[in-house]
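Undergrad: sequence plus predicted model, see below.
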Amino acid sequence: MGTNPTKAADNIYCRCRKEAAKYNDKLNSREGAAELLGISASTLADYELGITKIIPADAILRMADLYNAPELRNHYCKYSCPLGQDVPLVDTESLDRIAVRALASLKKVQESKENLLDVVADGVISEDEKPILQDILSNLDELTAVSQNLKVWVQKNLE
């Protein structure tokens, strides 16, 4: 069996395993990875081919740890957990890009702080203040996304 899967090439679980194989040769094959994960090779194949729609959370945690791929946790929360559907999807970008986005986002949050104080000062939220609150919420969502990206980058690169 070849070590470069074609049907699963776009699957995040397969991509993370193949990336990790650069550092652990046993991960080049599903059989080797499955052994380290404590599952069968056919189960791992089902995950990588998208046959299994909901992968058990404990399997995701083991893959994320074994592959040094914390983005798998984020992916699981975004697409498999009904409570995490509004979790921002992590984009694996370089640290300098994340830092620039973080600084821009923090600047917006600083501006939002002033707006929030103006809105809540009288204890009443008027109709004309609701768009301001929506803008504040959008800025906080942006900060959440960039902080998640930074967290994943740090987790991935501390190993």
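TA: Thanks, I have it. Residues are numbered from 1 along each chain as shown.
Undergrad: use CA for all of it now, contacts and neighbours both
TA: Will do.
Undergrad: how many neighbours does Tyr67 have?
TA: Residues lying near Tyr67 (other Cα atoms under 10 Å) number 23.
Undergrad: which residues does it contact?
TA: By Cα atoms under 8 Å, 6 or more residues apart in numbering, Tyr67 lies in contact with Cys16, Arg17, Glu19, Ala20.
Undergrad: one more: Cys77?
TA: Neighbouring residues of Cys77 by Cα under 8 Å, 6+ apart: Leu83, Gly84, Gln85, Val87.
Undergrad: quick check on those: which are buried?
TA: Among those, the ones that count as buried by 16 or more other Cα atoms under 10 Å are Val87.
Undergrad: turn the contacts of Cys77 into CSV, including secondary structure, distance to Gln155 and pLDDT.
TA: Shown next, in CSV, are those (DSSP: H, G, I helix; E, B strand; the rest coil; distance: Cα to Cα, whole Å; pLDDT from 0 to 100):
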residue, secondary structure, distance to Gln155, pLDDT
Leu83, helix, 23, 86
Gly84, helix, 20, 82
Gln85, coil, 22, 79
Val87, coil, 18, 82
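Undergrad: Ile12: what's it in contact with?
TA: Glu48, Leu72.
Undergrad: and Leu72, by the same measure?
TA: By Cα under 8 Å, 6+ apart, the contact set of Leu72 is Ile12, Tyr13, Ile60, Met63, Ala64.
Undergrad: and the pLDDT for it?
TA: Leu72 is assigned 94 on the pLDDT scale.
Undergrad: let the chain start at 22 from now.
TA: In the new numbering, first residue 22, that becomes Leu93.
Undergrad: show me where this protein has its helices.
TA: Secondary structure of the chain (DSSP state H): helices located at 33-41, 51-58, 62-69, 78-87, 92-100, 116-141, 151-179.
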